[in-house]
Every structure is written in structure tokens, then in C-alpha cells.
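Give me coordinates for this.
(chains A, B, C and D)
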There are 2 protein chains.
Amino acid sequence: MTELTARRAATRERLVDAAVVVFAEKGVLGAAVEEICEAAGFTRGAFYSNFTSKDDLCVELLQRNYELQMAALDQAIAGIDAAPTSNLDDLIARTLDMFFAAQPEGRHWVLASQELRLHAARSPEFAPAYRRFTDQGTLRVAETIRSVVQALGYELTTSGPAAIGLLHAVHEYGTLGSLIGSGTLEGGYKERLLAEVLRTLVRPSSTTVR
Amino acid sequence: MTELTARRAATRERLVDAAVVVFAEKGVLGAAVEEICEAAGFTRGAFYSNFTSKDDLCVELLQRNYELQMAALDQAIAGIDAAPTSNLDDLIARTLDMFFAAQPEGRHWVLASQELRLHAARSPEFAPAYRRFTDQGTLRVAETIRSVVQALGYELTTSGPAAIGLLHAVHEYGTLGSLIGSGTLEGGYKERLLAEVLRTLVRPSSTTVR
DNA sequence: GCCTTCCGATACAGAACTGTATTGAATACG
DNA sequence: CGTATTCAATACAGTTCTGTATCGGAAGGC
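Next comes the predicted model:
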């Protein structure tokens, strides 16, 4: 698509990776361009030669994140056992695996994701770019989960995106809660709740599986 | 408890109110002390005379928020129709009213709440203070909802805090989503989802209502 | 009404960050 | 190879923010 030397691509990647860490620690607006460059082992010269602004880098970060997660999702699909099952627990477990494959992992990524989401909520300039990747990702995950559920002999009780939204909400809340160390959330809280929620989102398929 | 002149109290309040706005726009770490003071119509002299640091002000903000929401909750309780009902929709509506009473409202408060939550997740120094208010609030809301549900002839299917966590997760996600303007979330999405979730969280009481 | 105490404004010195213009070293190419 | 080009480092000038020390006016006590 774009002409990019290997050197340049590597620089951009290092900067983006560093941004994840710094965003996680300081937030998008609290992160100084200088700090990101330092974390990546560059000076600002490298930054301004590759990006026009911090928001510009944020978009690249979204893109990278999107691609990595879709790749992980594809891999998870390839590895799934596609035989229909009458065991609901089985279905739940396999479906959640799909979902988790498309979620950020590790403290830095989790925090950075939330920071980006919040940045989109407060910045009208950034929001469109954020929506672009998020909506597309949600649709793809929804479609994937819908087809997995169907292959296993079940169907969703609600629209795909609504189901994903619900899972996403619980996942985010629980993950952040465990980082904060909230006392009202016991261990395994998130997993249990997700399984329970998912149980209400599927039912045995009314139509015969082809 | 603490000796505080009226003048001082007013200054602190104005600073805290201003902080909500600036935090919403810039995030906790992106907000300059200077900026908060300016928004409140003071200079930094006032700030450092009243607070030792930005985190110190954050704690005061948590406290204020907690007290306002608990007061709103108390008021909501007072206004509720306590007659048992066999109409589930009725129950759902009244229970959600309780819950909403204890949620922040308005763009600034919503964003600031999220910023504080994220700040707690990344800052070990701030997290304990955040937990203190959050856990206490969750317990109080949980207990309130539990007793309302019971008075109406139903019971919760899960622990109070777990139920509140689930509602809270969906509420936050939906609210932020509507600020971002996500395309996969149609209007009324949040309310519909909350009602549906709540439906799975209650069942007719097995024991007789006293 | 005067005097004391309080408390926010001002002054200050330094640190951190910004974006740009220029330079020099690495890389690619003929 | 040597030369042209690319790209990150450096130099620069300006702005913003920090926390503290000091000052002066307003509030409250006698």
C-alpha cells in the first residue's frame, strides 16, 4: 500500500510500542512526545520525521492493534473443534476462547486500550478514527462468534454486536477492577460472570444445522 | 471533623468542581494544576494553600462524589413505591431507578469518573483511596438494591456486589460508547441491555415476604 | 476600630516540553 | 566505490508548568 523502507517501518514500530507503555503509565494527554521517544530510544527528530502529531501515532497504534487481534482471532478459529455439542459448558468455553483471542492482553495493552477509548470519548477529532477500527473489529468478532456458536448447534439470543458489547463491557470492567484490586471483586469474578452472561446469550439452535 | 472556615470550604469546592471539568477534558495526568486553578478563577497560590498535590485533590473529589451519590440514593429510596409486585417490568424499572440514582450524570462527571478509575488502575499510590470509596459505595448500593428487590417480592440470583458490578460494567460501557458515537451501538442500547441483564439477576422470592 | 490571623495573589527560578530548521551519518544506488 | 538520498540527531527559541517564598488585603476577634 504505502512505500516504506524497512528502516522507517522499524522506527515507527518501536515508537508505537513505546507509546503503548507510556500511554498506559501517563494517559494519552499526559504522555509527552519526548517521553515516548526516549522510551523508544530515539529523540524527537525521529518522531516528527515519522508522524505529524501524537494523534497521528494513535491512529497507527489502533491500526496495529486491530491487525494483531484479527490475526489472533483467525488463529483461534483455525484451532477450534467444530463438532456440534450438546454440552453447554463446552460451548461457553470455546466461545469465550474466541472472544478472548480478540482482547488485548498484558497490563500495558489493557491500560492503553482504555486510555485510547477515553481519548476517543473526549476528543471529537480522534473519535472517527477510533470508531472506524472499533466498529470493524466488533463486527468481525461478532460474525466469528455467531458462526462458531451456530456450528456448535446453537444460536445467539440477541444481535451479534449487542452480544459482543455485553461481553466487552464485562471484560473491561473486570480487568480494570483486578488492576485496581477492588475488594468487592473476588478472584475469578470476571470469568464466572462472563460465562454466566454468555449463558443468557445463546440457546440451542431452532433450525437444523446444515 | 476538620476545622474549616466557610471561605476555605468554598475555595476547595470551586477547585474540585473545576477539576471535574478539566479532568474530563485532559485526563488526570494531562490536567495542569495551573489549568484547574484558572478554570476555578484562582491562581496556584489558592491551590497549594488548600491541597498538597493533585492526588490530594482527587481524593477530595472522590469524597464529594461519594457523598453526593449516597444522598441521591437516599432520596431515591424515600420516593420509591414499596408495594410488592408481580409485574417483572415494574420491578426492573424501579430497581434500575435505584441504580441510576447512584451513577454520575452529565458528560463531565462521566468522563471524570472514568479518568479517576483509570488513574487508580495505573497508580498504586492512588488506588487505595479509590478503593476505599468505591468499595463502600458498591456495598451500599448493593444492599439498597437487595432490600428494594426483596421488598417487591423478589430476590437476587447472585451476590449483591457481583450484581452491581455487572450493572456498573454495562452502564459505563454504554455511556462511554454513546459519547464516542459508536456505530454498532444503536440508540437505547444501554437501557435495553441493562433491563435484560437485570432480568437475569432477579427471581421471585422463594421465602415469604414478612 | 484596631489588630491579628488567614489565605489567595504575586514574584521568582528552574525544569520540562513544544515544533522547526539544520546537520551529519547511514543507507541505497548507479 | 563514490555519490545521492534518506532519516534521525542536534541546535534553537519559545512556551508552559512546577513548587516555593513572600506579600498584601480581607475576615474575624477583642
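
going forward, measure contacts and count neighbours with C-alpha atoms only.
OK.

ok, now which ones touch A:Gln69?
The neighbours of A:Gln69, taking Cα atoms under 8 Å, 6 or more residues apart in numbering or on different chains as the test, are A:Ala101, A:Ala102, A:Gln103, A:Pro104.

now do A:Gln63
Counting by Cα under 8 Å, 6+ apart, A:Gln63 touches A:Phe133.

where's it, which helix or strand?
Using DSSP states H and E, A:Gln63 maps to helix A:54-78.

Show me how the record splits chain A into domains.
Following automatic domain parsing, one finds the domains of chain A at A:1-51, A:54-204.

Quick one: mean pLDDT over the longest one.
Averaging the model's pLDDT scores along domain A:54-204 yields 94.

Most proximal residue of chain A with respect to chain B?
Residue of chain A nearest chain B, by Cα to the nearest Cα: A:Gly30 (3.9 Å).

what about that residue, neighbour count?
Counted with other Cα atoms under 10 Å in any protein chain shown, residues neighbouring A:Gly30 total 18.

what do you get for A:Leu4?
A:Leu4 sits with 9 neighbouring residues when counted by other Cα under 10 Å.

next helix or strand past the helix holding A:Gln63?
helix A:88-101.

Past that following helix, which element shows up next along the chain?
helix A:107-122.

What residues of the helix or strand just after that following helix count as buried?
Proceeding N to C from helix A:107-122, the next assigned helix or strand is helix A:127-151, under DSSP H and E. Neighbour counts over helix A:127-151 (16 or more other Cα atoms under 10 Å in any protein chain shown) mark A:127, A:129-131, A:133-135, A:137-138, A:140-146, A:148-151 as buried.

Please give the number of neighbouring residues around A:Asp17.
So A:Asp17, with other Cα under 10 Å, has 17 neighbours.

same question, A:Val110
There are 18 residues near A:Val110, going by other Cα under 10 Å.

need the contact list for it.
Counting by Cα under 8 Å, 6+ apart, A:Val110 makes contact with A:Ala24, A:Pro104, A:Thr175, A:Leu176.

Next: A:Pro84.
Contact partners of A:Pro84, counting by Cα under 8 Å, 6+ apart, are A:Ala151, A:Leu152, A:Gly153.

give me that answer again for 10 Å
With contacts defined as Cα atoms under 10 Å, 6 or more residues apart in numbering or on different chains, A:Pro84 is in contact with A:Asp90, A:Leu91, A:Val148, A:Val149, A:Gln150, A:Ala151, A:Leu152, A:Gly153, A:Tyr154, A:Val209.

One more: A:Leu139?
Going by Cα under 10 Å, 6+ apart, A:Leu139 touches A:Ile145, A:Gly160, A:Pro161, A:Ile164, B:Thr184.

returning to that earlier point: any chance of the domains of chain A in TSV with distance to DNA strand D as columns?
As requested, the domains of chain A are exported to TSV (distance: least, Cα to the nearest atom of the strand, whole Å):
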stretch	distance to DNA strand D
domain A:1-51	3
domain A:54-204	13
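
quick one, which of those is nearest to B:Glu35?
B:Glu35 lies closest, by Cα to Cα, to one member of the domains of chain A: domain A:1-51, at 13.6 Å.

roughly how far out does the closest one sit from the chain middle?
20 Å (Cα atoms, centre = their mean, to the nearest Å).

Check stretch A:120-129 too.
Mean-position distance between stretch A:120-129 and its chain equals 17 Å (Cα atoms, centre = their mean).

Tell me if that stretch is near DNA strand C.
No: judged by Cα under 7 Å from any atom of the strand, stretch A:120-129 and DNA strand C are separated, with a smallest distance of 14.9 Å.

got a list of what the most centrally placed residue in chain A touches?
When Cα atoms, centre = their mean is applied to chain A, the residue found nearest the centroid is A:Gln103 (3.8 Å). Neighbouring residues of A:Gln103 by Cα under 10 Å, 6+ apart: A:Asn65, A:Tyr66, A:Gln69, A:Met70, A:Ala72, A:Leu73, A:Trp109, A:Val110, A:Ser113, A:His168, A:His171, A:Glu172.
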